[in-house]
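Peer 1: show me the folded form of this:
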Amino acid sequence: MIRHCALGLALTGSSCLATAAPAAAPTAAATTAALPTANFAPIQSGLDYHSFANVEQFRVIRVDLDLRVDSAAKVLRGGVGLQIKRLDPRATELILDTRDLNVTDVMQKAQGVLGATSKSETTWVSRPYHFQRKDKILGSALVIELPPSKRPSEFIKIDYETSPAASALQWLSAKQTAGRRKPFLFTQSEPIGTRSWIPLQDTPQVRVTYTATIRTDSDVLAVMSAKNLNGMGRPAKRNGEYSFVMPEAIPPYLIALAVGDLAFKETGPRTGVYAEKPVVKEAAKEFADTESMIQSSEKIFGPYRWDRYDILVLPPSFPMGGMENPRLSFITPTAIAGDKSLVSVIAHELAHSWSGNLVSNATWRDLWLNEGFTDYMESRIINAVYGERREMMERVLGLRSLRDDLAKLEPADQVLAIDLRDRDPGQVFSTVPYEKGRLFLTFLDAKFGRERFDAFLRGYFDHFAFQSITTEQFLQYLQENLLDRFAGVVTRDQVMSWISGPGIPPDAVLPVSDAFAPVDEARSAWVSGTVAAKKLDTHDWVAQQWLYFLDNMPASLSAAQLKDLDQAFGFTRTANAEIGHSWFVLVIRNNYQPGYARLEEYLETIGRRRLVAPLYEELMKTPAGATQAKRVYALARPGYHAMTAAAIDAIVNPSESSETSDE
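Peer 2: Numbering: from 1, shown residues only. Predicted structure coming up:
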C-alpha cells in the first residue's frame, strides 16, 4: 500500500517518496505551502519520516502500561494495552514502532470495549505479527495482522521485554548515584526513543493518554510524567507498586519514568522537587522560585493546565539540561550552582508546558515550534522573575552560541524547518531551532508590539491546545491572525526568510547588554598585562558575566596567564558546571597541565552532552589530546547515556560510530 512505499523509500531516497500519503491530514493551505528542500523530493507537510506507523489507517489514543523493573537484568518486562482508533475499515495491518524489543505475544480484544464486565466482552485472541528489517536509526516496524472491521476502535495487548541496551533507558548502579545506596533508572525518550521501551506509534503527531502500573523493589520510589494515584498528588509511600494516570493527551516522547532512592521536598502549593536524599535539600533551595515562574507565565501565556509542576533532579549522567515531561520535568544536577544563576533551565522546561506539551511539533522537522517558542518564553519568564538585565545577558550568550553553530553548519541546516530525512533527529540538532526561533518570535514581538503579540500567543495556545501541528499550520494561523489582521507590518516574504532561509535575517532584533562592557574592559586590562587577575574588580559579577569573560578570551594564552586566573578565581575547582566548561576549553586549547586532572574528573562525572562533547572535540585537535580523550572516554563511556555516548563516539571514534551506532 502507499504507506509502505513511503516508509521504505524514506530510507533510500527514491522518488516514490513524493507520492506518499501524509501521516496527518494537513489543511489544503498547509499542503500547498510545503517547503522545498535540496534533498530527494519536496518534503510533505505532516509526514513523519522517522516513524513506521500507518497513522492514516490506525491511531493509538490510549496506552496502558504494566511493567516490572528488573535492575539486575536491566530490563523492563510486562505488557502494554493499546486503544486504537480505526480510520480505515479495510486495513489489515497495524504498524507500530519498536527498537530491540522482545515481543512474546500479541492479542486483540475480540469484541466490546475496554472496561466491560461481561465475560463475552473480555475475550482476547492472539494475532499474527512479525518484525520488518531493522533500520539503524528507526528500529524495526512491528506489523500486527488484523481482520478488516467497521468497529471504531481496536484493543491490542502486547507482552514484551526491553533490551538491556534500550536507547531510552539508562540503568545506573548504586555507585553511580549521589546516594550510592540503590540503583537508578530513568528514561529519555525524545525524540524517537519511546519505541525502545514501549511498542507504539512513536511519532509526535499522535497524542495519547496513558495509565501505568510500575512494579519495583519495595525500597525504591517510581515517578512518572503523570498523576501519582498512590499518593493522590502527593509522594507515594514506598511499597513496590505505583500507579499513574495521564488524563491529557500527549505525544509519546513525553511518557517518562524514573526509579530510584528518591526523596521529595515541597517548594510551593503546586511545586516540589524529587531528588536523591543527598541532593534534595540543595535542589529545593535552588529551585525555590518555581511557583513565581508559574504565576508569571500564567499572566503572559494563559492558565497552566497540568495540575502540578514538579522537578526531578537526575544523576549527573542525564544527557540534557532538562526534559519537559509534563507534570515532572527531568533536570540535570549541573543546573544547581548554589546561587540560582543557572535556573533558566527551569524557566525553559516550564515554558514547554505551553509550547511543546500543550501545542507540540507534529514531526521533528517542526521542532522549532517547540524550542523557538520555548526559548522566547523562557526570556519572558526570566525577565519577569529576575529582571531585564539577567534576561538580556542570557540572550546575548545565546546569540553567541547561535553564531558559533551557524559558522559550522551547511546552509540547509541553518533553516528553522529543517530537512532531517535519513538522519537521526537526536544527533543533528543545533541551537538553530532554539536561538534562531527565539530571534524570530522576538522580531514579531518588536514589529507588532507586546500587547498585540501577547494576545496572539494566548490565542495560539488556546486554538491549538492539546494538538500537534506542522510549520505550515503555524504559518497559516500566523497569516490569518497577525499578518492579515495588522496588514503592512510584516510581509509573508519576511516570515519565510526566517523559516526557510539560512543564517540570521537582516531585520533581526538582536539583544544587547551593557552588563558586559565592564567585563570587556577587565579582560582587556588583564590580557594586556596592565592589571593582575586578583586586582580586577569582579566582586559583583554574576555567572553570565563570568561566562562572557572566559568565552571571549584570546585563542592563545600562556601557562602563566592561566595560572594567574586560576589562583585568583579558582576556575579549575568551580562548582558551576557551565563556568567549568568554559574554563576547560581554555585549559585544553593552551595545554594548561594543572587543569587536566580536574578536567578528567569533569568528563568522567558529567554526562550532559552539551558540556562534554565540545571538550572532547578540543582534545581531538592534537595527537596528545586525542590519546587522552580516548583514554578518558573509555573510563567515562559506561556512565554516559546512549545519546551522549553516540555523540562522543562520533568525535572520538568516527569511523567506528558511523558503522555501528544505532543511536
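Peer 1: which parts of the helix or strand containing residue 562 are buried?
Peer 2: If you go by DSSP states H and E, residue 562 is part of helix 559-569. Using 16 or more other C-beta atoms under 10 Å as the test for burial, helix 559-569 gives 561, 562, 564, 565, 566, 569. In short, each C-beta sits where N, CA and C put it, glycine included.
Peer 1: quick one: find the helix or strand in this structure with the lowest mean pLDDT.
Peer 2: helix 2-10 (a mean of 31; mean pLDDT, DSSP states H and E).
Peer 1: name the SS class of residue 534, please.
Peer 2: Using DSSP: H, G, I helix; E, B strand; the rest coil, the secondary structure recorded for residue 534 is helix.
Peer 1: so what pLDDT did it get?
Peer 2: Note for residue 534: predicted pLDDT of 97.
Peer 1: same check on residue 236?
Peer 2: In the prediction, the pLDDT value recorded for residue 236 is 77.
Peer 1: so what's the closest residue to it other than its chain neighbours up against?
Peer 2: Excluding the flanking residues, the one nearest residue 236 by C-beta to C-beta, 6 or more residues apart in numbering is residue 230, at 3.5 Å. If you count contacts by C-beta atoms under 8 Å, 6 or more residues apart in numbering, residue 230 has them with 236, 237, 239, 241, 242, 243.
Peer 1: what's the burial count for the first one?
Peer 2: Just to be clear, that refers to residue 236. Neighbour count of residue 236, defined by other C-beta atoms under 10 Å: 18.
Peer 1: same check on the last one?
Peer 2: Residues contacting residue 243 under the criterion other C-beta under 10 Å number 18.
Peer 1: please apply the same query to the fifth one.
Peer 2: Taking other C-beta under 10 Å as the neighbour definition, residue 242 ends up with a count of 24.
Peer 1: pLDDT at it, what is it?
Peer 2: Per-residue confidence for residue 242 comes out at a pLDDT of 97.
Peer 1: how much space separates it from residue 217?
Peer 2: With distances taken as C-beta to C-beta, to the nearest Å, residue 242 is found 12 Å from residue 217.
Peer 1: can you report phi and psi for the closest residue to residue 640 other than its chain neighbours?
Peer 2: The shortest distance from residue 640 to any residue that is not its chain neighbour, by C-beta to C-beta, 6+ apart, is 4.9 Å, and that residue is residue 607. Summarising the backbone geometry of residue 607 under the convention degrees, to the nearest 10, its torsions are phi -110, psi 10.
Peer 1: residue contacts, residue 607?
Peer 2: If you count contacts by C-beta under 8 Å, 6+ apart, residue 607 has them with 316, 317, 318, 319, 639, 640, 641, 644.
Peer 1: check what pLDDT the residue in the chain sticking out farthest from the centre gets.
Peer 2: Among residues of the chain, the one most distant from the C-alpha centroid is residue 530; the distance is 45.1 Å, by C-alpha atoms, centre = their mean. As summarised for this prediction, residue 530 has a pLDDT of 96.
Peer 1: per-residue pLDDT, residue 26?
Peer 2: Per-residue confidence (pLDDT) for residue 26: 37.
Peer 1: now do residue 245
Peer 2: What the model reports for residue 245 is a pLDDT of 98.
Peer 1: buried ones in the helix or strand hosting it?
Peer 2: Secondary-structure element containing residue 245, defined by DSSP H and E: strand 241-250. Along strand 241-250, these residues count as buried under the neighbour rule (16+ other C-beta under 10 Å): 242, 243, 244, 246, 248, 249, 250.
Peer 1: just checking, what packs against that strand?
Peer 2: The contact analysis (3 or more C-beta pairs under 8 Å, 6 or more residues apart in numbering; DSSP states H and E) places strand 241-250 against strand 208-215, strand 221-224, strand 227-228.
Peer 1: can I get those in CSV including distance to residue 139, mean pLDDT and mean neighbour count?
Peer 2: What follows is the helices and strands packed on strand 241-250, written out as CSV (distance: least, C-beta to C-beta, whole Å; pLDDT from 0 to 100; neighbours: other C-beta atoms under 10 Å):
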stretch, distance to residue 139, mean pLDDT, mean neighbour count
strand 208-215, 18, 98, 20
strand 221-224, 23, 97, 25
strand 227-228, 30, 94, 20
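Peer 1: quick one: closest of those to residue 395.
Peer 2: strand 221-224 (33.0 Å; C-beta to C-beta).
Peer 1: partners of the closest one, with directions?
Peer 2: Each strand pairing with strand 221-224, determined using DSSP bridges, is listed with its direction: strand 257-260 (antiparallel).
Peer 1: still on that earlier bit, got the CA coordinates for the helix holding residue 562 in CSV?
Peer 2: The C-alpha atoms that make up helix 559-569 are tabulated as CSV, following Å, rounded to 0.1, in the frame of the first residue of the first chain:
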residue,chain,number,x,y,z
ALA,A,559,50.6,29.0,31.3
ALA,A,560,51.4,32.0,33.5
GLN,A,561,48.3,33.8,32.4
LEU,A,562,46.1,30.8,33.1
LYS,A,563,47.8,30.2,36.5
ASP,A,564,47.1,33.9,37.3
LEU,A,565,43.4,33.4,36.5
ASP,A,566,43.1,30.1,38.3
GLN,A,567,44.8,31.4,41.5
ALA,A,568,42.6,34.5,41.6
PHE,A,569,39.2,32.9,40.8
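Peer 1: which residues touch that helix?
Peer 2: Outside of helix 559-569, the residues that reach it under the criterion C-beta under 8 Å, 6+ apart are 526-527, 532-534, 536, 538, 546, 571-572, 586-587, 590-595.
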